[in-house]
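K.L.:
3D model of this:
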Amino acid sequence: MDLHSKYPGIADLRRAARKRIPHFVWEYLDSATGDEMTAKRNRTALDEILFKASILHGEFAPDLTTTLLGRGFPLPFGIAPVGMSGLIWPGAERMLADTAKDIGIPYAMSTVATQTPEDIAPHLGDHAWFQMYPPRDEAIRDDMISRAKAAGFSTLVLTVDVPVASRRERQTRGGLTQPPQLTPRLAMQVANCPIWLNGIRQTGMPRMKTLDKYSDFKGQLPSTEHIGYLLRTSPDWDYLKRLREAWDGPLIVKGVTQADDAARLQDEGVDAIWISNHAGRQFDGAQGAITALPHVRAATTLPVIFDSGIESGLDIIRALALGADFVMLGRAWHYALGAVGKHGPAHLADMLRKDMEANMGQLGTKTLQDLPHRLL
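P.N.:
Reported below is the predicted structural model:
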C-alpha cells in the first residue's frame, strides 16, 4: 500500500501522528490558546469561501508554478517556522530543510528551533528563510542575523504577533517545560511512543540551541515562559526601522492582520507581508485569518503570504484566489513527520499538489492567476 492510499489527507496524517507522538508533545503541537475559538474561526472562515465550478474545458494539466520575491517556485506553498520542531519529531529541522531543498520550496527555521543555523547549513537549499523573534539586545540581534546569513539563510522573517506570551492552556496542562524534563507522568507517555523515544536517544533531549550562545540560564521554565521570552522584546516601529537597516536581504513581516499596518509596512521598506494569526495560538479573540486577506491585499502592492488554518490543497487555492501570492503551512508538516517519519513531508507536498490539481480541474483554471475569477 502506497502512502497516498494510507494517508490521502492531512486528517489521516494527524490521526497517525497523534498515536506516535507523546501526549505532552502533541498538546504543544496541536493546541491553540483560550477556548481555541480563533482556531475554529480560521476553519469556519475558510469553509465559507466557495467557487463556481466550470465545465467543457478539455484536458489540461494545471500550472502550479509561481514567483515570490523575484524567485521562481514549482509550488505555491512552503514550510512555515514552528518552534521546537525537533521535540515534535526528532531531527525535524534537518528533515524539513532537506525536503524543501529537494522540492525547491521555502523552508523557514524558527529562532526557537532545536538546531542552530550552523547545524542546518548543510541541509539548506536556495530558499532558506530565518524567522526571528526580536532580541531586546541589538548586539544579540546583529549576531543572530549574521549567523543566519553565514549559514545560507537568504530571507529574514520578523514575527510581530507575539508581543507577550499567550496562555496556551492545553499546552500548559500537558506538562511541557523548557527545556523539557521527563517527570514520571511524561515518561510513561514517552514509553508508549518507542519510535519517537529512539529518535530522542539519538538526538538528545531538545532545547533551543540557537539561544545557548546568549544565555547561561540553566533553570526550568514553563513552556509559555521559556528562555526566548527572557531575551526577546515586543518590537515597535523604530525597532523595525533599525532591523531594516541591519538586514540587507529580503525582509518579511509575519503576523499582520490589519490593512493599515500593511500599508505602513510597505512605506517602511519591508519586502513582503505575511498574514497570520499564529493559527490561534496567541489571541483567542481574533478574526479568522483568511477574513483579513482581501483587506490587506487591497492595502498593499507588496507580495502577500498567508498562513493559519490551511488543511488541504483546496484551502491553498482559497487563499490564492483571495489575493495571497504564497501560502505557508506549519502543523501539517509535523503531522507528516509524526505519521511517516522523514518521508512524510515529501508525501504531504505531493498530496497538496494533487489536491490542488484536482480542484483546479473542477474549476477549469489552468494557472493560479485564473483562480480569482472562479470565486463565488
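K.L.:
most centrally placed residue in the chain?
P.N.:
With distances taken as C-alpha atoms, centre = their mean, the chain has Ala80 as the residue nearest its mean C-alpha position (2.3 Å).
K.L.:
okay, that one: pLDDT?
P.N.:
Note on Ala80: pLDDT of 98.
K.L.:
wait, it sits on Met328?
P.N.:
Yes. Between Ala80 and Met328 a contact is recorded at 3.8 Å, counting by C-beta atoms under 8 Å. C-beta: built from backbone N, CA, C; applies to glycine.
K.L.:
overlap of the contact sets of these two?
P.N.:
Residues touching both Ala80 and Met328 (C-beta atoms under 8 Å, 6 or more residues apart in numbering): 108, 307.
K.L.:
on that earlier part again, give me every residue that touches the residue nearest to the centre of the chain.
P.N.:
Listed by C-beta under 8 Å, 6+ apart, the contact set of Ala80 reads 108, 307, 328-330, 333.
K.L.:
test my guess that Arg318 contacts Ile49.
P.N.:
Yes. Between Arg318 and Ile49 a contact is recorded at 4.4 Å, counting by C-beta under 8 Å.
K.L.:
comparing the two, which shows the higher neighbour count?
P.N.:
Arg318 (27 against 18; other C-beta atoms under 10 Å).
K.L.:
which parts of the helix or strand containing that one count as buried, going by neighbours?
P.N.:
Assigned by DSSP states H and E, Arg318 belongs to helix 313-321. Neighbour-count burial for helix 313-321, counted by 16 or more other C-beta atoms under 10 Å, picks out 313-321.
K.L.:
other SSEs contacting that helix?
P.N.:
Secondary-structure packing of helix 313-321 (3 or more C-beta pairs under 8 Å, 6 or more residues apart in numbering; DSSP states H and E): helix 289-299, strand 326-329, helix 344-363.
K.L.:
now the element after the shortest one, going C-ward?
P.N.:
Scanning the chain past strand 326-329 towards its C-terminal end, the next helix or strand to appear is helix 331-340 (assignment: DSSP H and E).
K.L.:
what bridges to Phe306?
P.N.:
Ile275, Val327 (DSSP bridges).
K.L.:
please report how far it lies from Val256.
P.N.:
The gap separating Phe306 from Val256 is 10 Å, by C-beta to C-beta, to the nearest Å.
K.L.:
who has more neighbours out of the two?
P.N.:
Between Phe306 and Val256, counting by other C-beta under 10 Å, Phe306 is the more crowded of the two (29 against 26).
K.L.:
Gly323 - nearest residue in space that isn't next to it in sequence?
P.N.:
Once flanking residues are discounted, Gly323 sits nearest to Arg297: 3.3 Å by C-beta to C-beta, 6 or more residues apart in numbering.
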